[in-house]
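# here is the input, now give the coordinates:
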Amino acid sequence: QVQLVETGGGVVQAGGSLRLSCAASGRTFSNYAMGWFRQAPGKEREFVGAISRSSGSSTGYAESVKGRFTISRDNAKNMVYLQMNSLKSEDTAVYYCAAVYGLRVPVGQNEYKYWGQGTQVTVSS
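Take a look at the predicted model:
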């Protein structure tokens, strides 16, 4: 079992930055690929980005955030981060952290086994 807790959400002006954090506990964190998803009001939950297990040498991003968002991980602290820059109003959503055991960079939400409770990000224009 893996427990995930997201923090760092809030209200930010368009063009600003925010860093989300996800704290993991329960199993060997470095063995898990980690992902970020988001769900805006009235919309389906969508993939934001993911990072591979271990060193996190591989990452993947949705086209809508590529070049603006960066995922990183700190295995010593059992943490994964989502640095969000140049935020837009369309980035407003609840952001979820997810984990799955394995080597790949999963992009489908059905591939993930463990989920956090989410943190709200609101970008004001």
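
# which residues sit against stretch 97-108?
Stretch 97-108 is contacted by residues 2, 4, 6, 20, 22, 24, 27, 31-37, 47, 50-53, 58-60, 80, 109, 111-116 when judged by Cβ atoms under 8 Å, 6 or more residues apart in numbering. Any C-beta I mention is one placed from the backbone N, CA and C, and that applies to glycine too.

# same question, stretch 111-123
Contacts of stretch 111-123 (Cβ under 8 Å, 6+ apart): 1-14, 16, 18, 20, 22, 32, 35, 38-39, 84, 87-101, 106.

# now with 7 Å, please.
Applying Cβ atoms under 7 Å, 6 or more residues apart in numbering, the external contacts of stretch 111-123 come out as 2, 4-9, 11-12, 14, 18, 20, 22, 35, 87-89, 91-100, 106.

# could you give the bridge partners of residue 3?
Under DSSP bridges, the beta-bridge partners of residue 3 are residue 25.

# wait, it touches residue 27, no?
No: using Cβ atoms under 7 Å, residue 3 is not in contact with residue 27, being 9.3 Å away.

# three-state assignment of residue 42?
Assigned by DSSP: H, G, I helix; E, B strand; the rest coil, the conformation of residue 42 is coil.

# check it and give its pLDDT.
Residue 42 carries a pLDDT score of 95 in this model.

# cool, the one 4 residues further on as well?
You'll see residue 46 listed with a pLDDT of 98.

# over to residue 105?
Looking at residue 105, its pLDDT is 92.

# how much space separates it from residue 47?
According to Cβ to Cβ, to the nearest Å, residue 105 and residue 47 sit 10 Å apart.

# I'd like to know which of the contacts of stretch 111-123 are buried.
2, 4, 6, 8-9, 12, 18, 20, 22, 35, 87, 91-100, 106 (16 or more other Cβ atoms under 10 Å).

# and the strands in this structure?
Ranges of strands within the chain are 3-7, 10-13, 18-25, 32-39, 46-51, 59-61, 69-74, 79-84, 93-101, 114-115, 119-124, based on DSSP state E.
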